[in-house]
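Participant: next input, structure requested:
(chains A and B)
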Number of protein chains: 2
Amino acid sequence: MRICIIGLGLIGGSFALALRKHMLAERIFGVDASPRNAAKALELGLVDEVVEFDKATEVADIIALATPVDVIPQLAIKLLNRVNDSQIVVDMGSTKEELCEIISQHPRRNRFVAAHPMWGTEHSGPEAAVEGAFVGCNTVLCEEDKSDSSAVVTIESIFTTIGMKIMRMSPAQHDTHAAYVSHISHITSFILATTVLEKERESDTILNLAGGGFESTVRLAKSSPDMWIPILMQNKYNVLDVLREYIHQLEIFRKALEKDNREEIRATIERANTIRKILDNKQ
Amino acid sequence: MRICIIGLGLIGGSFALALRKHMLAERIFGVDASPRNAAKALELGLVDEVVEFDKATEVADIIALATPVDVIPQLAIKLLNRVNDSQIVVDMGSTKEELCEIISQHPRRNRFVAAHPMWGTEHSGPEAAVEGAFVGCNTVLCEEDKSDSSAVVTIESIFTTIGMKIMRMSPAQHDTHAAYVSHISHITSFILATTVLEKERESDTILNLAGGGFESTVRLAKSSPDMWIPILMQNKYNVLDVLREYIHQLEIFRKALEKDNREEIRATIERANTIRKILDNKQ
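Facilitator: From the prediction side, this is the model:
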């Protein structure tokens, strides 16, 4: 298979490495809006050849969209306008409702597979690409009944070969769950970093005192605005819903602390501790 | 030196392992309010002998307090009531103002060294003790001018031998900084876990979808209430100050998202990204 990856950053670059490792592509083409990123991806050997977006459907059997989510819907439409009955377009974006709605009436909707391989780090750009990404993580497929079954089988086979498990849910379910288990964590980290930077003007103090706990909690605060602003905007209503609940729970905790209500604080911490059971099962 | 560690959990147990590794103690005694923990610490070889609290000053040259912070001040006073002019009492607690005030007028204040070796994990109990803990981290010493210089030299030497750097600050400075770089992270994690558990009733979904980002952000939510309630209560005013600021910054972010204010969201994320510079310097 000849595969063209559009967007050669953390996700697209790591996907390229995974394809290579498992010899899934006879040739990997790459497209990136940034000439610098495209050149870097070529230099790093992530892709064999850089092409213009307009050439993607001419050179590849499978076109994978790994750009920020705000441009995925338009690019998906443009690609569907050009593919034939054997080519496949797949996306790797973190939101699904907007995309699935935009492409829903396209005459070639059946050549599109809406996917979210749920893996990431706080780094970005082609240099952030890592070998062994995706392994053990889940890929969510949405509306696979609207895709040709042969296309779904091909995409599933690629994701399982690189070490992922497949889950299915509706775009609405996906976006709700993603807000809880991924998007909110980024906001809590961004704001924790902001709060500490605001108050701790002496960065030496942070540097010297911050232990592993702080680093772990604030790690996602390093994440790219170019990737995350579009995700938060596209999943705005779900994210706001979680954010309001999070603020509400913080207010309850604050009041309990103000009133020295040890029993309530203990109940909250003990409830929070049960996350251990869930996360430890995972490992 | 004969050393007695009071509180054989994560910190006390890991300290025992570090003392052994660097052959800093000819014999390590241990005290724990829980007979189960005491027996476990003995079984794991963390301590050579379990003794009653009342025997600590009879058997050891140095007595290290590694209990939850709510009982450190009273235990410190009891120990100071009994030590002679060559024995040393040191603590390893996460708060310093309350302790330093309580012991301030004790006739043997000079035999006490107030210390906070800044290391920890989300685990607790003797089984949580790990080799190589503390390495590369900072120990904060407070009010070392109130301790005999020979006692300070001995304690500094122990902490530097096990791989730590020494910092000095006042109890008030320590507690303010600790609220920012440690205590608030625990609250944000506890409440993130609570929020997600509240909304995501299907724990299978969390299990399957949660990626490394969520796990990292929520890791501290596994932390022990027995350790953390006393810390939050003792450092209540500093913690509330940071918590209010954190909630305030979250509200600003929420409003920016509600109004689709991309510029403000970008400015916040870019500001948060600068934490990278600070944390990466650390490594």
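
Participant: quick one, phi/psi of A:Ile166?
Facilitator: Note on A:Ile166: its backbone torsions stand at phi -110, psi 130 [degrees, to the nearest 10].

Participant: how near is the nearest residue to A:Cys137 once chain neighbours are set aside to B:Arg108?
Facilitator: Leaving aside its chain neighbours, A:Cys137 sits nearest to A:Trp119 (4.4 Å; criterion: Cβ to Cβ, 6 or more residues apart in numbering or on different chains). (Glycine included, C-beta is placed from N, CA and C.) As judged by Cβ to Cβ, to the nearest Å, A:Trp119 and B:Arg108 stand 57 Å apart.

Participant: same deal with A:Arg201?
Facilitator: Taking Cβ to Cβ, one finds A:Arg201 at 38 Å from B:Arg108.

Participant: for A:Val51, same thing?
Facilitator: 78 Å.

Participant: before we move on, back to that, looking at A:Arg201 and B:Arg108, which is more packed in?
Facilitator: Comparing A:Arg201 with B:Arg108 by other Cβ atoms under 10 Å in any protein chain shown, the one with more neighbours is B:Arg108, at 18 against 8.

Participant: that one - nearest residue in space that isn't next to it in sequence?
Facilitator: B:Arg108's closest residue in space is B:Leu80 (Cβ to Cβ, 6+ apart), at 4.4 Å.

Participant: was I right about that neighbour contacting B:Phe112?
Facilitator: Yes: with contact defined as Cβ atoms under 8 Å, B:Leu80 and B:Phe112 form a contacting pair (6.1 Å).

Participant: quick check: neighbours shared by those two?
Facilitator: Common neighbours of B:Leu80 and B:Phe112, using Cβ atoms under 8 Å, 6 or more residues apart in numbering or on different chains, are B:Val89, B:Ile103, B:His106.

Participant: isn't the first one up against B:Arg111?
Facilitator: In this case it means B:Val89. Yes: the criterion here is Cβ under 8 Å, and B:Val89 meets it with B:Arg111 at 6.0 Å.

Participant: neighbour count: these two, which is higher?
Facilitator: B:Val89 (30 against 22).

Participant: what about the more buried one, distance to chain A?
Facilitator: B:Val89 is 24 Å from chain A, where distance means Cβ to the nearest Cβ, to the nearest Å.

Participant: so that residue, which of the three states?
Facilitator: strand (DSSP: H, G, I helix; E, B strand; the rest coil).

Participant: list the contacts for it?
Facilitator: So B:Val89 contacts B:Ile62, B:Ile63, B:Ala64, B:Leu65, B:Ala76, B:Leu79, B:Leu80, B:Val83, B:Arg111, B:Phe112, B:Val113 (Cβ under 8 Å, 6+ apart).

Participant: and of those residues, the nearest to A:Asn238?
Facilitator: The nearest member of those to A:Asn238, counting by Cβ to Cβ, is B:Leu65 at 47.2 Å.

Participant: got a pLDDT number for the closest one?
Facilitator: pLDDT, B:Leu65: 98.

Participant: how many neighbours does the nearest residue to it once chain neighbours are set aside have?
Facilitator: The shortest distance from B:Leu65 to any non-neighbouring residue, by Cβ to Cβ, 6+ apart, is to B:Asp91 (4.1 Å). B:Asp91 has 30 neighbours, counted by other Cβ under 10 Å.

Participant: and the helix or strand where A:Phe29 lies, what's buried?
Facilitator: Assignment of secondary structure by DSSP states H and E places A:Phe29 within strand A:27-31. Buried residues in strand A:27-31, counted by 16 or more other Cβ atoms under 10 Å in any protein chain shown: A:Ile28, A:Phe29, A:Gly30, A:Val31.

Participant: now, the most widely separated pair of those?
Facilitator: Across the buried residues of strand A:27-31 (Cβ to Cβ), the longest gap, 11.2 Å, separates A:Ile28 and A:Val31.
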